[in-house]
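Colleague: everything below, folded, please.
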Amino acid sequence: MTEALKTELVNFSELTGEAGSARRAELARHVATLFALTSDRCSDEQVDIYDSVLLRLVDMVESEVRRYVAEQMSSLRRGPEETIRRLADDDIEVAEPILVRSTVLRDTDLIKIAEKRGNAHLFAMAQREVLTESLTDVLVEKGDLKVKRKVASNDGASLSNAAINALISDATSDATLQLSLSERADLAENHISNLISVASEEVRKKLNAAGRGKDAERLDEAADIAAQRMSNQYWLGRYDFETARSRVLMLAKRGMVNEAALRRFASEDRFAEVVATFAWLVRCGVEEVSHWMVRPDPEPFVILAKASGFSSITISSLLSIGPWRHRLTPESRSDAMSLFERMTIAEAKRKMAHWNLNVLH
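Modeller: Now for the predicted structure:
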C-alpha cells in the first residue's frame with residue numbers, strides 16, 4: 001500500500017535526465033503545496049510518505065525551488081522531519097525560513113547546524129520566537145556582533161548566566177548591544193550593575209573620536225534605563241496592586257485568605273495578589289509590603305515572615321516570583337532561606353521591635 005501510494009504521488013522514473021528538470025521543479029512545488037494544505041489531516045504514515053518523496057525531490061531541484069519548499073514547510077506544526085532538517089542545513093537562501101520559524105526542528109537539530117554553519121545561519125536562528133538556553137549559549141559563543149545584538153533584543157531568548165556575562169563583556173564597546181541588554185526583563189541585579197559599569201567615559205570618547213557621536217549618546221540612554229531598572233519603582237510599576245487588593249478583600253470576606261491561598265497565587269506567579277494576600281495576613285499596607293518584596297535585600301521580609309509564623313515552603317516559593325525572580329541571585333535566595341530557617345519566631349519578633357520602619361523602603 002505504501003509503495004503504491006508513493007508511485008501515485010510521484011513517478012520518479014519520469015524525472016530523470018535534463019528533460020525532466022522542469023517537471024522535477026513543478027512536482028516539488030506541487031507536493032510541498034499539497035502537504036502544506038493537508039498536513040493537519042495526514043496520518044503519521046502519510047507524513048512519512050510525503051517526507052520520503054520530498055526528501056528525494058529537494059535533492060533534485062535548484063535552490064529557488066528548495067526555497068519555495070522551505071517556505072511551505074516553515075510554518076507547519078507537524079511536517080516531514082527529514083526534509084525539514086535537510087532544508088535547514090541548506091544554503092541560507094533556502095534554510096532561512098525554516099531556521100526562523102519551524103517548530104518541527106528540535107533543539108538538537110538547531111545546535112548541530114549552529115555548530116557547523118556561519119553567521120548567516122546563526123542570525124536566522126536568533127530571530128526564532130523562542131530560544132532555549134542551550135541554543136543561545138552556542139549563538140553567543142559562535143555568533144558575530146549582529147547575531148549577539150539579535151539574541152539580546154529577542155524577548156523569547158532564555159539566556160544563561162554565562163551568555164549574559166559574555167554579552168555584557170561584548171557590550172563594552174557597542175552601544176546598541178548595551179541598550180538591548182538594558183531593556184531585558186530577565187537580568188539579575190548583578191548583571192544590571194555590570195551593564196552600567198561598562199558604559200564608561202572611555203568608551204564614549206572612543207566613539208566620539210571615531211565620529212560616532214550618536215552611539216555615544218545611546219550609551220547614556222542604556223545606562224539610564226539600566227539604572228532605572230535597579231529602582232524599586234521600575235519593578236513595581238508594572239503591577240496593578242489596587243485591583244489585586246480588591247480581589248483579596250473579596251476573598252477575605254468569604255474566609256478564603258490564608259497561607260494556602262498565598263502559595264496558590266505564588267505558584268501562578270501572580271505577584272500583585274501575593275503582595276495583597278501577604279499584606280492582609282500580616283496586617284500591613286499593600287504599598288509597604290510591595291517594597292519589602294522587591295528589595296535586592298530580602299532580609300526585612302524574611303524577618304517579618306518568620307515573626308508571622310509562615311512556613312519555609314511558602315517563603316521559598318515567594319522568593320522565586322515576581323521581581324525577585326530576576327533581582328535575587330541563587331546565592332542571595334539561599335542565604336535568605338538559611339536565615340529564615342535558623343531564626344526563631346521569638347528572635348524575629350525581637351528584631352521587629354527595634355525596627356525603624358522608614359528604613360524598609
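Colleague: tell me where the stretch 251-361 of the chain has strands.
Modeller: Assigned by DSSP state E, counting those that start in this stretch, the stretch 251-361 of the chain shows no strands.
Colleague: helix or strand: which one has the closest residue to E62 other than its chain neighbours?
Modeller: Distance criterion CB to CB, 6 or more residues apart in numbering; nearest residue to E62, sequence neighbours excluded, is A25 at 7.0 Å. Backbone N, C-alpha and C define where each C-beta goes, glycine included. Assigned by DSSP states H and E, A25 falls within helix 21-38.
Colleague: tilt between the following helix or strand past that helix and helix 21-38?
Modeller: Under the assignment DSSP H and E, the closest C-terminal helix or strand after helix 21-38 is helix 44-58. On the basis of axes from the mean of the first three to the mean of the last three CA atoms, to 10 degrees, helix 44-58 is oriented at 150 degrees to helix 21-38.
Colleague: buried sites along the helix or strand harbouring H191?
Modeller: Here H191, judged by DSSP H and E, is contained in helix 189-198. For helix 189-198, a neighbour-count test (16 or more other CB atoms under 10 Å) marks E189, N190, H191, I192, N194, L195, I196, V198 as buried.
Colleague: need those residues in CSV with distance to T83 and pLDDT, can you?
Modeller: What follows is these, written out as CSV (distance: CB to CB, whole Å; pLDDT from 0 to 100):
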residue, distance to T83, pLDDT
E189, 46, 75
N190, 45, 80
H191, 41, 83
I192, 44, 80
N194, 44, 82
L195, 43, 81
I196, 48, 77
V198, 44, 75
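Colleague: which one of those residues is nearest to R283?
Modeller: Among those, E189 lies closest to R283 (CB to CB), at 29.7 Å.
Colleague: return the residues in contact with F123.
Modeller: Contacts for F123 (CB atoms under 8 Å, 6 or more residues apart in numbering) come out as G143, K146, V147, K150.
Colleague: just send the residues you listed back as TSV, with secondary structure, distance to A353 and pLDDT too.
Modeller: Shown next, in TSV, are the contacts of F123 (DSSP: H, G, I helix; E, B strand; the rest coil; distance: CB to CB, whole Å; pLDDT from 0 to 100):
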residue	secondary structure	distance to A353	pLDDT
G143	coil	56	96
K146	helix	58	96
V147	helix	56	97
K150	helix	54	97
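Colleague: which among these end up buried?
Modeller: Of the contacts of F123, these count as buried by 16+ other CB under 10 Å: G143, V147, K150.
Colleague: in CSV, list these along with distance to A252.
Modeller: Formatted as CSV, those follow (distance: CB to CB, whole Å):
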residue, distance to A252
G143, 52
V147, 51
K150, 47
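Colleague: picking up where we left off before, packing partners for the helix holding H191?
Modeller: Counting contacts by 3 or more CB pairs under 8 Å, 6 or more residues apart in numbering; DSSP states H and E, helix 189-198 is packed against helix 161-170, helix 175-182, helix 213-229.
Colleague: what residue ranges in the stretch 251-361 of the chain score low on pLDDT?
Modeller: 355-361 (pLDDT under 70).
Colleague: can you rerun that using 50?
Modeller: Along the stretch 251-361 of the chain, segments meeting pLDDT under 50 span 356-361.
Colleague: ranges for the helices of the stretch 251-361 of the chain?
Modeller: Here the stretch 251-361 of the chain has its helices, by DSSP state H, counting those that start in this stretch, at 259-267, 271-282, 286-292, 299-307, 312-318, 324-327, 330-342, 345-353.
Colleague: which residues does the fourth one contact?
Modeller: When you say that, I think you mean helix 299-307. For helix 299-307, contacts defined as CB under 8 Å, 6+ apart pick out 282, 284, 292-293, 295, 314-315, 318, 336, 339-340, 343-345, 347-349, 351-352, 355, 360.
Colleague: follow-up on the earlier one: of the buried ones among the contacts of F123, just say which sits nearest to E71.
Modeller: E71 lies nearest to K150 out of these, by CB to CB, at 21.0 Å.
Colleague: and the closest one, what does it touch?
Modeller: Shown in contact with K150 (CB under 8 Å, 6+ apart): F123, A126, Q127.
Colleague: same thing but 10 Å
Modeller: Contacts for K150 (CB atoms under 10 Å, 6 or more residues apart in numbering) come out as L122, F123, A124, M125, A126, Q127, R128, L131, L139, G143, A157, S180.
Colleague: closest to T277 out of these?
Modeller: Of the contacts of K150, the one sitting nearest to T277 (CB to CB) turns out to be A157, at 32.5 Å.
Colleague: can you pull up the bridge partners for that closest one?
Modeller: L131 (DSSP bridges).
Colleague: state the pLDDT value of it.
Modeller: Note on A157: pLDDT of 95.
Colleague: circling back to that earlier point, so which pair among the contacts of K150 is furthest apart in space?
Modeller: Maximum distance among the contacts of K150 (CB to CB): 18.0 Å, for A124 and S180.
Colleague: quick one on the thing from earlier: just the buried residues out of the contacts of helix 299-307, in PyMOL syntax.
Modeller: To isolate the buried subset of the contacts of helix 299-307 in PyMOL, counting by 16+ other CB under 10 Å, use the following:
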select buried, resi 282+292+293+295+314+315+318+336+340+343+348+351
